[in-house]
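1. what would the 3D arrangement of this be:
(one chain, ligands or ions: 2)
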Amino acid sequence: MAFYSRVSGSVGVITLQNPPVNALSAAVRQGIVDTMHRALSEPEVKSVVICGQNGKFCGGADIREFGANMRGPPLVPMIHLIEAAEKPVVAAIEGVALGGGLELALGCHYRIAHSKARLGLPEVTLGLLPGAGGTQRLPRLIGVPAALELITTGRHATAAEALQLGIVDEVTDHSAVDAAVKFAQSVAGKSLDARRISTYPRPRSPDLAEIFEKAMKEVRRSARGAIAPVTCVQAVHASVTLPYAKGMERERELFSTLFTSGQAHALQYYFFAQRAVSRWSTPSGARWDTSKPRPVHKAAVIGLGTMGRGISVSLAQAGLSVVAVETQEKQLLEAKQAVSGMLERSAKRRGVPLADDKIKYNCSVQAVADADLVIEAVFEDMALKKTIFQQLSGICKPGTLLCTNTSGLDIDELASQTQSPELVVGMHFFAPAHVMKLLEVVYGPRSSPEALATAMEMGKKMGKVSVAVGNCRGFVGNRMLKPYLEQAFFLLEEGATPEQVDQVLEEFGFAMGVFKVSDLSGLDVGWKVRKADGLVVPGSTGKSARIRGGSRYSPLGDLLCEQGRFGQKTGRGWYQYDKPGGRVAKPDPWLHGFLEEYRARHGLVARRIDHQEMLERCLYALINEGFQILQDGIAAGPEDIDVIYVLGYGWPRHRGGPMFYAGLVGLDKVLERLEHYHQVYPDVLGLKPCSLIRKLAASSSPPIHRWREFIQKPRSQL
Ligand code: CAA
Ligand code: NAI
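-> Ligands and ions are numbered 1, 2, ... in the order given. Down below sits the predicted model:
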């Protein structure tokens, strides 16, 4: 709702009240309309201030109301009522003015912002466009290029930038409400003719056609199939070709198309999913709200390779003292130089102070003795990691949390090397660790709720989205990747090329297809793991070469590694590159010849595989594993899996994540296709539908927020 008060006798103050972000719910909109009428009717009131309770102006439309029938006064006439008022209305912007919140402020005649406020039109990130006049008013106020940039990216601008752009009239370091009241008094009685943005002329400039063409090209390139950014450009275009009223009609038309789209549903689901994962729980009953994190002031990182460097940067930037340990002086020096460079670039990019002095480098593991938390990031080698955990257990002070960045090894096996297995958890970062937002926090059967809570909290401090997952081979992300990759290999055996498979996945919306990603991360990584698992049998021929443990196996990746083709780093992999370290993937005739020769050797007849089959086999195998993960209790809910896939594996955000996507396609359809493919390929275990998807499909495919009710709680091990 909205609360009305009178200040200094002549200023009517309307305060939005809807914690936590004063979103424009039906009650708030009704409150604004009622209190505006009151302020306009009171003769003593000469001007009006609109502000938000608890230092937050407004976080925009209430996203939770989107699924329900529209109640209360609509936003557009409400904003028109404010703009048409004959008494000056001043927006006092503290905290945030986002989406409908900024549109409300643009309907006011003046805007005063606190210096820490953030302003923006982030609707595009929810699959929408600013549908309350934002696409028509903002370009009239700040010009087309700046408006296009803000609307198509959805980014938040600082108050200083908003002032420079002309979005706000004044910025204050003190109370924006006090400043707005003072300002409102000073403009009482003055003409408002030049203050109503909807009456401003259409933006004009000789190069507008070029600007729109460029913007459209840019959004089409970066949107990867997302429709909202493209529609945002179309809506802003209406502001230059149509008079205001007609432009508003066009905005409404375009908004309606987006509002009911699957992409908007996916993005709004994802918005809440990303917040839901912080409310973690484990099968044993440990929970976010009953587990207290330990304080961590000093952290240590062991192993300063690709990952350890990024992790050290993240910890230092979060304000922690860091001890960074390598084996030899030479590696230590190299790492130190690299980390300093990373810190410098990051400080420049983010406009934050340099955190170089936070990190102390050392060649002895003894240096970590007084750390509160240690993150091990040495080679993916169980024997080496075990030795390190034994050492740490002897060296560290009691209560130190011992974490590993392993990509998939058994956390419990490492915990069993220590005297306090309850203090061992996985902290699985993604490369580059100081950039990627995802952190999988892996709890073993003996990890304490407190240890889990501490690691989750540390992730948050580093600006990551932490997702708690159970202990199993590959955890959630890498475990699901296995059947996906396997299908991609099988498709090559059956006649596809890496380019064809990648094209299908990129058209779906992945930033990179599976083979390009594999070239980027290095084929040798998976090869080492398969070798350790005893799957690689060099020189094997005949049928046995393509079967392991009774299931179909493709040795294609192993054969490429035997040729020294490790991907980008060697200049050759599934593609060719102009030099080792090159980044532009080109189809490689050698590889095509190699595939033909391989198929001939194994009696495989190449066939034309259509796009749908390629997509379904890759995605449904991955999704099936996701259901198995839910059934096993490794992830608490589908939101956890979806956040991991969007943030860590390039799954297109506008498709919500693999589990949401399965729901959108229809669980019965996914099940039917899995059954079909499993019938054709009975020796591929990953295509055998898991019992949870069967159970859900048999229960009329309930909506995704009800899936948890169908998951049998695995027996507690904690
Ligand atoms: N509607 C409903 N709930 C919202 C909300 C909104 N617009 N914005 C935030 N919330 C909820 C969150 O879901 C969260 O709820 P839980 O505690 O239950 O998880 C709570 O408010 C706090 O949010 P955050 O955890 O995100 O808090 P924060 O301080 O980190 O960030 C924020 C605050 C920057 C406002 C962030 O919440 C945000 O970006 N919100 C969305 C803003 C947005 O996109 N607005 C546009 C809405 S669409 C629109 O306005 C359409 C139109 O033009 C008509
Ligand atoms: P890397 O090979 O780049 O670095 C490992 C570093 O550990 C080397 O610098 C090595 O000198 C050092 N080291 C080895 N033994 C040591 C010891 N006893 N004490 C101190 N330092 C020692 O490896 P990378 O890629 O950084 O991987 C590290 C861990 O992170 C592995 O477990 C890996 O599976 C995991 N990981 C890797 C990801 C990646 O994309 N590279 C992503 C997520 C996890």
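2. in this structure, what residue comes closest to ligand 2?
-> The nearest approach of the chain to ligand 2 comes at residue 305, 1.7 Å away (CB to the nearest ligand atom). For the C-beta atoms, the positions are set from N, CA and C on the backbone; glycine is no exception.
3. which residues touch the residue nearest the centre of the chain?
-> Taking CA atoms, centre = their mean, the centroid of the chain lies closest to residue 647, which sits 4.1 Å from it. Counting by CB atoms under 8 Å, 6 or more residues apart in numbering, residue 647 makes contact with 430, 436-438, 465.
4. got it, and residue 583?
-> Counting by CB under 8 Å, 6+ apart, residue 583 has contacts 568, 577.
5. picking that back up, going by distance to ligand 1, which of the contacts of residue 647 wins?
-> residue 465 (11.1 Å).
6. is the closest one in a bridge, and if so with what?
-> Taking DSSP bridges as the rule, residue 465 bridges to residue 438.
7. that one against residue 440, yeah?
-> No: judged on CB atoms under 8 Å, residue 465 makes no contact with residue 440 at a distance of 10.2 Å.
8. so which bits of the stretch 251-400 of the chain are right by ligand 1?
-> 272, 275 (CB under 6 Å from any ligand atom).
9. name the residue of the stretch 1-150 of the chain that lies nearest to ligand 1.
-> Closest residue of the stretch 1-150 of the chain to ligand 1, CB to the nearest ligand atom: residue 99 (2.4 Å).
10. up against ligand 1, what does this protein have?
-> 20-21, 23, 59-64, 75, 96, 98-100, 103, 122-123, 126, 128, 130-132, 272, 275.
11. any of the residues you listed buried? List them.
-> 21, 23, 59-62, 75, 96, 98-100, 103, 122-123, 126, 128, 130-132 (16 or more other CB atoms under 10 Å).
12. between residue 465 and residue 440, which has more neighbouring residues?
-> residue 440 (26 against 20; other CB atoms under 10 Å).
13. need the pLDDT of the residue nearest to the centre of the chain.
-> As predicted, residue 647 sits at a pLDDT of 97.
14. could you measure from it over to residue 273?
-> Residue 647 sits 10 Å away from residue 273, going by CB to CB, to the nearest Å.
15. any idea which element the residue nearest to the centre of the chain lies in?
-> helix 638-649 (DSSP states H and E).
16. for this structure, what lies in contact range of ligand 2?
-> 302-308, 325-327, 331, 377-380, 384, 388, 405-407, 429-431, 521.
17. among those, which are in strands?
-> Mapping the residues of the chain next to ligand 2 onto strands (DSSP state E) picks out 302, 325, 429.
18. the first one reaches residue 308, doesn't it?
-> Okay, so that is residue 302. Yes: the pair residue 302 and residue 308 passes the contact test of CB under 8 Å, sitting 7.2 Å apart.
19. shared neighbours of the two, which are they?
-> Joint contacts of residue 302 and residue 308 (CB under 8 Å, 6+ apart) are 375, 377-378.
20. narrow the residues you listed to those in helices?
-> Judged by DSSP state H, helices contain none of the shared contacts of residue 302 and residue 308.
21. out of the residues you listed, which are buried?
-> Among the shared contacts of residue 302 and residue 308, those buried by neighbour count (16+ other CB under 10 Å) are 375, 377-378.
22. list just the nearest of those to residue 598.
-> residue 378 (35.5 Å; CB to CB).
23. per-residue pLDDT, the closest residue to that closest one other than its chain neighbours?
-> Of all residues not flanking residue 378 in the chain, residue 303 sits nearest, at 3.7 Å (CB to CB, 6 or more residues apart in numbering). Note on residue 303: pLDDT of 97.
24. residue contacts, residue 303?
-> 325-326, 376-379.
25. now do residue 19
-> Contacts of residue 19 by CB under 8 Å, 6+ apart are 53-54.
26. which residues touch residue 307?
-> 377, 405, 429, 431, 433.
27. for residue 313, same thing?
-> 339, 342-343, 346, 355, 433-434.
28. so which of those residues wins on neighbours?
-> Neighbour counts for these peak at residue 433, which has 28 neighbours (criterion: other CB under 10 Å).
29. that one contacts residue 305, correct?
-> No: Residue 433 is not in contact with residue 305 according to CB under 8 Å; the separation is 10.7 Å.
30. residues contacting the closest residue to ligand 1 within the stretch 601-718 of the chain?
-> With CB to the nearest ligand atom as the measure, residue 639 is the residue of the stretch 601-718 of the chain nearest to ligand 1, at 11.4 Å. Counting by CB under 8 Å, 6+ apart, residue 639 makes contact with 272-273, 276-277, 657, 659.
31. would you list these in JSON lines and tack on pLDDT, secondary structure and distance to residue 15?
-> JSON lines is the format used below for the contacts of residue 639 (pLDDT from 0 to 100; DSSP: H, G, I helix; E, B strand; the rest coil; distance: CB to CB, whole Å):
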{"residue": "272", "pLDDT": "97", "secondary structure": "helix", "distance to residue 15": "27"}
{"residue": "273", "pLDDT": "98", "secondary structure": "helix", "distance to residue 15": "31"}
{"residue": "276", "pLDDT": "96", "secondary structure": "helix", "distance to residue 15": "29"}
{"residue": "277", "pLDDT": "98", "secondary structure": "coil", "distance to residue 15": "33"}
{"residue": "657", "pLDDT": "98", "secondary structure": "coil", "distance to residue 15": "38"}
{"residue": "659", "pLDDT": "98", "secondary structure": "helix", "distance to residue 15": "40"}
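32. list buried residues within these.
-> By neighbour count, with 16+ other CB under 10 Å, those hold 273, 276-277, 657, 659 as buried.
33. in the stretch 1-150 of the chain, which segments are predicted with low confidence?
-> By pLDDT under 70, the stretch 1-150 of the chain contains no weakly predicted segment.
34. any low-confidence regions in the chain?
-> Segments of the chain classed as low confidence (criterion: pLDDT under 70) are 713-718.
35. about what we covered before: hmm, the residue of the chain closest to ligand 2 is touching residue 380, no?
-> No: Residue 305 lies out of contact with residue 380 (CB under 8 Å); the separation is 10.5 Å.
36. if we can go back for a sec, farthest-separated two in the contacts of residue 639?
-> Using CB to CB, the pair of the contacts of residue 639 lying farthest apart is 272 and 659, separated by 13.8 Å.
37. give me the spatial nearest neighbour of residue 98, chain neighbours excluded.
-> Excluding the flanking residues, the one nearest residue 98 by CB to CB, 6+ apart is residue 60, at 4.7 Å.
38. what sits against that neighbour?
-> Residue 60 neighbours (CB under 8 Å, 6+ apart): 21, 23-24, 98-102, 122-123.
39. redo that, cut-off 10 Å
-> Contacts for residue 60 (CB atoms under 10 Å, 6 or more residues apart in numbering) come out as 21-24, 75, 96-104, 120-123, 126, 130, 132.
40. count of neighbours near residue 119?
-> By other CB under 10 Å, 25 other residues sit near residue 119.
41. that one: what secondary structure?
-> Of the three states, residue 119 takes strand under DSSP: H, G, I helix; E, B strand; the rest coil.
42. my guess is it contacts residue 157, does it?
-> Yes: counting by CB atoms under 10 Å, residue 119 does reach residue 157; the two are 5.2 Å apart.
43. can you check which residues contact both of those two?
-> Residues within reach of residue 119 and of residue 157 at once, by CB under 10 Å, 6+ apart, are 97, 102, 150, 165, 167-168.
44. show me these that map onto helices.
-> Using DSSP H, the subset of the shared contacts of residue 119 and residue 157 located in helices is 102, 150, 165.
45. thinking again about what came up before, need the residues touching each of residue 433 and residue 305.
-> residue 377.
46. which residue ranges of the stretch 601-718 of the chain form strands?
-> Counting by DSSP state E, counting those that start in this stretch, the stretch 601-718 of the chain has no strands at all.
47. closest one to residue 631 out of the contacts of residue 639, please.
-> Distance to residue 631, by CB to CB, is smallest for residue 659 among those, at 12.4 Å.
48. kindly provide the distance from that closest one to residue 692.
-> 11 Å.
49. what do these two both touch?
-> Common contact partners of residue 659 and residue 692 (CB under 10 Å, 6+ apart): 626-627, 629-630, 707.
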